[in-house]
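Q: Dropping a prediction and its sequence here:
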Number of protein chains: 2
Amino acid sequence: MIKKQHVGRWLVIGAGGFIGSSLCRKLTKEGEIVTAFGRKPKFPEGLEDCRWIVDDFLNEKALSNAMEEAEFVVHALSTVKPAKSNESPIIDVKENLIGTLKLIELCKAKGVKKLIFLSSGGTVYGPGVPVPTPEDCAHEPICSYGVVKLAIEKYLAIQQYQGLLDSVVLRVSNPYGPYQLAHGQGVIAAVIERLLANKPAEIWGDGSVIRDYIFIDDVIDAIIAATQLVDHHAPRIFNIGSGVGRSLNMVIDSIAEIHGKADIQRLPGRIVDVPVSILDIQRANRVLHWHPRTDWMNGLATAYEWQKQVRLSKS
Amino acid sequence: MIKKQHVGRWLVIGAGGFIGSSLCRKLTKEGEIVTAFGRKPKFPEGLEDCRWIVDDFLNEKALSNAMEEAEFVVHALSTVKPAKSNESPIIDVKENLIGTLKLIELCKAKGVKKLIFLSSGGTVYGPGVPVPTPEDCAHEPICSYGVVKLAIEKYLAIQQYQGLLDSVVLRVSNPYGPYQLAHGQGVIAAVIERLLANKPAEIWGDGSVIRDYIFIDDVIDAIIAATQLVDHHAPRIFNIGSGVGRSLNMVIDSIAEIHGKADIQRLPGRIVDVPVSILDIQRANRVLHWHPRTDWMNGLATAYEWQKQVRLSKS
């Protein structure tokens, strides 16, 4: 995937998270030079070759040191979760919007070649959009997380317009796969964890909520493809998803097929959930020549097997 | 314009500014009860019947006191100017976005009936949109001022969606008329001032930049009409402009017609200027039953006469 004539220097912000740590693993495996910034990763295997800086996103000094000579900066960090963001929008703005504005200034000062910003395919559009949803439709987010992601996108577009900093925005749908925390944002990891523990799968609402799930390796491919976008007239915002919608009930059925069975416990729905989120991924295919490669059941089986091994190694 | 069976209680934030002070004058003249919050007005006439609170937007305590029993809150304050906003986006976000998020919380806590937010028809859309520009087209602002206005709009939409606070957003184009400061944002007041002082009119760029100018009384009408919107399913965002585009050269020609003549001095263009901004005002007409009433040359003559009188009274 990465052209081998040149070894790149990367800064991955949010390297302790699911997407960030997976990206670091892939990059160092390919021989790239990686500085990993963020919280301590829960699973350190495969991350030994990164230069680790465990620090706070809002610590400008630390971030500045981490950025030394980075060509590509990948910003995959958020201090809030979508579902909780409406409880504290001011904190969301202070930490994530202002924090990223400071990051943008740093990238400009350090001459970073390209900033890849991980936005959110599930929250920036809001309800009532066409499905599958293209990048250029109306944006009516119903949570602060989505508003902040959008505002960051618009500040990046201003930099692009003024020729001050090149960037690519990836609106990622719901990623899943190995190294996703069972008690984090990912519903697939949570369901697998419950089933492996012989507990019923939890369903928020009636299970009809439809999401676009994408295997982590495909997200990593998209990030790497984004760094290689050189046409200055090409769009800079891309949906990254499978382009396929699956209800929570369908997801649980698929996991049950792998696990053998699944009991279900129903919980009340949440107002921050849009009923359907499926991304139109044609633009990424056309411009980045990217396409998700992973088959749904194969990806799910890989995630399942990894979580099973983690449980076995702990017991 | 205001239904007289009920005297309303208003809080006008930014009451020292052009739109804010004009609104206060109109409201108190109609017998409404008005608290005026913001910087000291430059022209105090007609504002004697307001309860004045000269304080900082970021002083939450003062804002909270000012809000006592207000039914309608009109937020017409910005601490930055569009053209300067890209120099300090972090300050823009801290003061205007976070300040307004705090205002929203206050409005909810105090049970405010409706918050009217003055957004910006000239900066939220950016270049490359259809002209005249409808409310629901793509938003690609090229200055921080526009990004912050958009982000506030989206936070207001979340409150509306959750049923927590009713609001109306007015995306006002370029207002002009009596009480506009000659050294503020308004190009018309600036040109009149220069001509009255026997100096040449200043043109940024080649004068081809097209704007949608609206007479201040028509803006005030729109604000009052917005408070009377009760249909909860109606849209909450409205363009408020004349719907007519005029180049800067045309504006100067019109003023020259009133003044008798106009010399011109050309200055370099600015990157924050979009080349054309004309608003599509059909939605406000359809939903708010609002339409600009003021004829261009009459409005301009009124502005001119007022500035002339101010100069005479000073000399």
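A: Here it is on my side, so go on.
Q: how near is the nearest residue to A:G14 once chain neighbours are set aside to A:W204?
A: Excluding the flanking residues, the one nearest A:G14 by CB to CB, 6 or more residues apart in numbering or on different chains is A:L77, at 3.0 Å. C-beta here means a position set from N, CA and C on the backbone, and glycine is covered the same way. Remark: distance between A:L77 and A:W204 (CB to CB, to the nearest Å) = 25 Å.
Q: Next: A:E153.
A: 28 Å.
Q: Those two - which one has more neighbours?
A: Legend: neighbour count by other CB atoms under 10 Å in any protein chain shown for A:E153 and A:W204, higher for A:E153 (21 against 15).
Q: which helices and strands does the helix or strand the more buried one falls within pack with?
A: Using DSSP states H and E, A:E153 maps to helix A:144-161. Here helix A:144-161 touches helix A:82-85, helix A:89-92, helix A:98-110, strand A:114-120, strand A:167-172, helix B:144-161, going by 3 or more CB pairs under 8 Å, 6 or more residues apart in numbering or on different chains; DSSP states H and E.
Q: So A:V187 sits against A:I252, correct?
A: No. A:V187 is beyond contact range of A:I252, at 9.2 Å (criterion: CB atoms under 8 Å).
Q: who's more crowded, those two?
A: Applying other CB under 10 Å to A:V187 and A:I252 shows that A:I252 carries more neighbours, namely 25 against 21.
Q: in which helix or strand would I find the more buried one?
A: Using DSSP H and E, A:I252 falls in helix A:248-259.
Q: Touching the following helix or strand past that helix from outside, list them.
A: Later in the chain than helix A:248-259, the nearest helix or strand by DSSP H and E is strand A:264-267. Strand A:264-267 is touched from outside by A:P200, A:A201, A:E202, A:I203, A:W204, A:G205, A:D206, A:G207, A:I252, with contacts defined as CB atoms under 8 Å, 6 or more residues apart in numbering or on different chains.
Q: burial measure for A:V172, as a count.
A: Neighbours around A:V172, by other CB under 10 Å: 24.
Q: From what I see, it and A:I214 are in contact.
A: Yes. When contacts are counted by CB under 8 Å, A:V172 is listed as touching A:I214 (7.1 Å).
Q: who touches both of the two?
A: A:I240, A:G241.
Q: Now, the contacts of strand A:264-267 that are in strands?
A: Among those, the members falling in strands (DSSP state E) are A:A201, A:E202, A:I203, A:W204.
Q: Among these, the buried ones, what's the PyMOL command?
A: Only the buried members of these enter the following PyMOL selection, criterion being 16 or more other CB atoms under 10 Å in any protein chain shown:
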select buried, chain A and resi 201+203
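Q: Pull the contacting residues for the nearest residue to A:K81 once chain neighbours are set aside.
A: Distances taken as CB to CB, 6+ apart put A:Q185 closest to A:K81, at 6.0 Å, once the chain neighbours are dropped. For A:Q185, the contacting residues are A:F18, A:K81, A:P82, by CB under 8 Å, 6+ apart.
Q: and the closest residue in space to A:P132 that isn't next to it in sequence, how many neighbours does it have?
A: Excluding the flanking residues, the one nearest A:P132 by CB to CB, 6+ apart is A:D280, at 4.0 Å. Neighbour count of A:D280, defined by other CB under 10 Å: 19.
Q: Point out the residues in the stretch 51-200 of chain A that sit beside chain B.
A: With CB under 8 Å from any CB of the partner chain as the criterion, the stretch 51-200 of chain A meets chain B at residues A:86, A:89-90, A:93-94, A:97-98, A:101-102, A:136, A:138-144, A:146-148, A:150-151, A:154-155, A:157-158, A:161-162.
Q: now what about stretch A:297-310, what contacts it?
A: A:43, A:176-180, A:182, A:188-189, A:192-193, A:196, A:215, A:254-255, A:257-259.
Q: try it again with 10 Å
A: A:42-43, A:176-180, A:182, A:186, A:188-189, A:191-193, A:195-196, A:213-218, A:242, A:251, A:254-255, A:257-259, A:292-295 (CB atoms under 10 Å, 6 or more residues apart in numbering or on different chains).
Q: where does A:E45 land in three-state SS?
A: coil (DSSP: H, G, I helix; E, B strand; the rest coil).
Q: pretty sure it is touching A:R25, no?
A: Yes. A:E45 is within contact range of A:R25, at 8.3 Å (criterion: CB atoms under 10 Å).
Q: Show me the common contact partners of those two, please.
A: A:Y179.
Q: higher neighbour count, these two?
A: A:R25 (25 against 9).
Q: I believe that one is in a helix; please confirm or correct that.
A: Yes. Per three-state DSSP, A:R25 lies within a helix segment.
Q: Could I get the contacting residues of A:I258?
A: So A:I258 contacts A:I192, A:L195, A:M297, A:L300, A:A301, A:A303, A:Y304, A:E305, A:K308 (CB under 10 Å, 6+ apart).
Q: Out of these, which end up buried?
A: A:I192, A:L195, A:L300, A:A303, A:Y304.
Q: Which strands or helices does the helix or strand bottoming out on mean pLDDT in chain A pack on?
A: Within chain A, no helix or strand scores below strand A:201-204, which has a mean of 88 by mean pLDDT, DSSP states H and E. Using 3 or more CB pairs under 10 Å, 6 or more residues apart in numbering or on different chains; DSSP states H and E, the elements in contact with strand A:201-204 are helix A:187-196, helix A:248-259, strand A:264-267.
Q: Columns mean pLDDT on top of those, output as CSV?
A: Compiled in CSV, the helices and strands packed on strand A:201-204 are given as follows (pLDDT from 0 to 100):
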stretch, mean pLDDT
helix A:187-196, 95
helix A:248-259, 96
strand A:264-267, 90
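Q: Would you mind saying which of these lies nearest A:V274?
A: Closest to A:V274 of the helices and strands packed on strand A:201-204 is helix A:248-259 (CB to CB; 13.2 Å).
Q: Run the chain-centre distance for that closest one.
A: Distance of helix A:248-259 from the chain centroid (CA atoms, centre = their mean, to the nearest Å) equals 22 Å.
Q: Taking helix A:187-196 as reference, get the angle to that helix.
A: If you take axes from the mean of the first three to the mean of the last three CA atoms, to 10 degrees, helix A:248-259 sits at 50 degrees to helix A:187-196.
Q: quick one on the thing from earlier: I'd say the residue nearest to A:P132 and A:P130 touch.
A: Yes. The pair A:D280 / A:P130 is scored as a contact, 8.1 Å apart, by CB under 10 Å.
Q: how much space between the residue nearest to A:K81 and B:G17?
A: Applying CB to CB to A:Q185 and B:G17 gives a distance of 43 Å.
Q: gap between the two ends of stretch A:73-80?
A: Length of stretch A:73-80, first residue to last, CA to CA, to the nearest Å: 20 Å.
Q: pLDDT averaged over that stretch, what's the number?
A: Stretch A:73-80 shows a mean pLDDT of 97.
Q: Now the residue in the stretch 1-150 of chain A that chain B sits nearest to: closest residue in space, sequence neighbours ignored.
A: Residue of the stretch 1-150 of chain A nearest chain B, by CB to the nearest CB: A:V147 (4.5 Å). Leaving aside its sequence neighbours, A:V147 sits nearest to B:K154 (CB to CB, 6+ apart; 4.5 Å).
Q: How many neighbouring residues does that neighbour have?
A: Neighbours of B:K154 using other CB under 10 Å come to 22.
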